[in-house]
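Asker: The following comprises the amino acid sequence and a computationally predicted model.
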Amino acid sequence: MSLTEDLQKEVEPLWEKMVTHPFVLELGEGTLPWTKFQTYFEQDHLFLRSWVSLPCMGIVKAPDFNVARRISNFMNSVLGGEEALFQRAFQEFGLSGRQVTDLHPLPTTQAFSSYIKNVSTEGTFRDIITAFLAVEWTYLDWSQRLMTAGKRPINAYYREWIEIHAGSELENLVTWMKRMLDDEPAPDKDRLQSIFSNCLRYEVLFWEMSYFGEEWIGDSSV
């Protein structure tokens, strides 16, 4: 069994909880309440600002230019595709640029963002790829499961959100990152497993935050 297969197997119950969360299932059916998706969408936009640290520091710590170029190409596609979707959606929601700038992270968003930034700045290249893989692999899995099941919600945002994560570009990146980790000896497996597991925990908490609601203690206005 490869390293990445081991990493996934160790968190299999948590993995399944993430990719089959009610948020995901209702997104696919098109029955997810819009307010829950909007909360998620706004918080994910805030998280994207921290997510950028993974590819950026991955480029800085890459072992060679070919690896750096591969990461850079994906980051550019996200900033030109997914981030563009955010901007288009916010305009259609009627949010001004100032309102988007003034969005506040909820506790889980802030905690996950801080964790990702810490791994990016303090971790090794393999640490970064492990966190990167955990985040992208789970999204590829749940979105492809919905596509395979023929889920095409009428809501255009729901449908596009599924399609943008189920495509070949993300699949190719995930395959490449798995190979990057699997092709090297793994004396750091325990540390990598901890990073992988922590990212899965935060991913589940992100769904929970969006689906059930969350607020800062002592401040119900945020």
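Answerer: On my side now, so go ahead.
Asker: C-alpha only now, for contacts and for neighbours.
Answerer: Fine.
Asker: Buried residues, the strand or helix carrying residue 35. List them.
Answerer: Per DSSP states H and E: residue 35 is located in helix 34-51. Of all the residues in helix 34-51, those buried under the rule 16 or more other Cα atoms under 10 Å are 36-37, 39-48, 50-51.
Asker: Kindly report the same for stretch 70-80.
Answerer: 71, 72, 75, 78.
Asker: from these, which is closest to residue 116?
Answerer: Residue 116 lies nearest to residue 75 out of the buried residues of stretch 70-80, by Cα to Cα, at 15.5 Å.
Asker: For that closest one, which residues are in contact?
Answerer: 52, 55 (Cα atoms under 8 Å, 6 or more residues apart in numbering).
Asker: That one should be in a helix, yeah?
Answerer: Yes - counting by DSSP: H, G, I helix; E, B strand; the rest coil, residue 75 falls inside a helix.
Asker: what pLDDT does it get?
Answerer: With respect to pLDDT, residue 75 scores 86.
Asker: Now do the same contact list for residue 132.
Answerer: Residue 132 is in contact with 54, 55, counting by Cα under 8 Å, 6+ apart.
Asker: Please confirm that it is located within a strand.
Answerer: No - using three-state DSSP, the assignment for residue 132 is helix, not a strand.
Asker: re earlier: select from the buried residues of stretch 70-80 every entry located in strands.
Answerer: If you go by DSSP state E, the buried residues of stretch 70-80 have nothing in strands.
Asker: quick one: low-confidence ranges for this structure?
Answerer: 81, 219-222 (pLDDT under 70).
Asker: let's go with 50 and repeat that
Answerer: The chain contains residues with pLDDT under 50 at 222.
Asker: Please enumerate the helices of it.
Answerer: Taking DSSP state H as the criterion, the chain carries its helices at 3-10, 12-19, 22-29, 34-51, 53-61, 65-80, 82-93, 97-101, 107-122, 125-148, 156-166, 168-182, 189-212.
Asker: Show which residues not belonging to the shortest one make contact with it.
Answerer: Contacts to helix 97-101, defined as Cα under 8 Å, 6+ apart, come from residues residue 90.
Asker: Give me the buried positions along it.
Answerer: Going by 16+ other Cα under 10 Å, helix 97-101 has these buried residues: residue 100.
Asker: ok, back up a step: tell me which of the helices of the chain approaches residue 218 most closely.
Answerer: helix 107-122 (12.4 Å).
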